[in-house]
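Engineer: No letters, just coordinates:
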């Protein structure tokens, strides 16, 4: 099951904030992350991971439906690399 924005709002609400305040907190946090990434800045959340913008150059591709060769435009993509602490925690739970 995926964790949705609504689920996050509910978890923040459980900390004692009103529903409206919880929505505002989550919306503002996501907006800060979006603005930082749009401006080309990395977003580092200590103990969680790092969101980065990676430049992808123009490359050849293929339409899987028709097999036609095509040229894919250069673009930017958001990547995420989890922290060592998070990776260890995930691996502990999977190996238990």
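Structural biologist: Right, received. Where do you want to start? What you see is a predicted model; the values in this text were computed from it and never measured.
Engineer: Next secondary structure after the longest helix anywhere in the chain?
Structural biologist: The longest helix of the chain (DSSP state H) is helix 19-38. Of the helices and strands lying after helix 19-38 in sequence (DSSP states H and E), the nearest is strand 43-45.
Engineer: so residue 12 makes contact with residue 25?
Structural biologist: Yes: at 5.6 Å, residue 12 and residue 25 qualify as touching, with contact defined as C-beta atoms under 8 Å. (C-beta placed from N, C-alpha, C; glycine too.)
Engineer: what sits opposite residue 81 in the beta ladder?
Structural biologist: On the basis of DSSP bridges, residue 81 takes part in beta bridges with residue 50.
Engineer: per-domain residue ranges of the chain.
Structural biologist: Following automatic domain parsing, one finds the domains of the chain at 1-40, 42-96.
Engineer: can I get the ones you listed in a markdown table with mean pLDDT?
Structural biologist: Listed next are these as a markdown table, based on pLDDT from 0 to 100:
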| stretch | mean pLDDT |
| --- | --- |
| domain 1-40 | 96 |
| domain 42-96 | 93 |
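Engineer: Same list, these, but as JSON lines with mean neighbour count please.
Structural biologist: Listed next are the domains of the chain as JSON lines, based on neighbours: other C-beta atoms under 10 Å:
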{"stretch": "domain 1-40", "mean neighbour count": "12"}
{"stretch": "domain 42-96", "mean neighbour count": "11"}
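Engineer: Tell me how far the nearest residue to residue 40 once chain neighbours are set aside lies from residue 67.
Structural biologist: Spatially, and ignoring its direct neighbours in sequence, residue 40 is nearest to residue 53 (6.0 Å; C-beta to C-beta, 6 or more residues apart in numbering). Per C-beta to C-beta, to the nearest Å, residue 53 is found 32 Å from residue 67.
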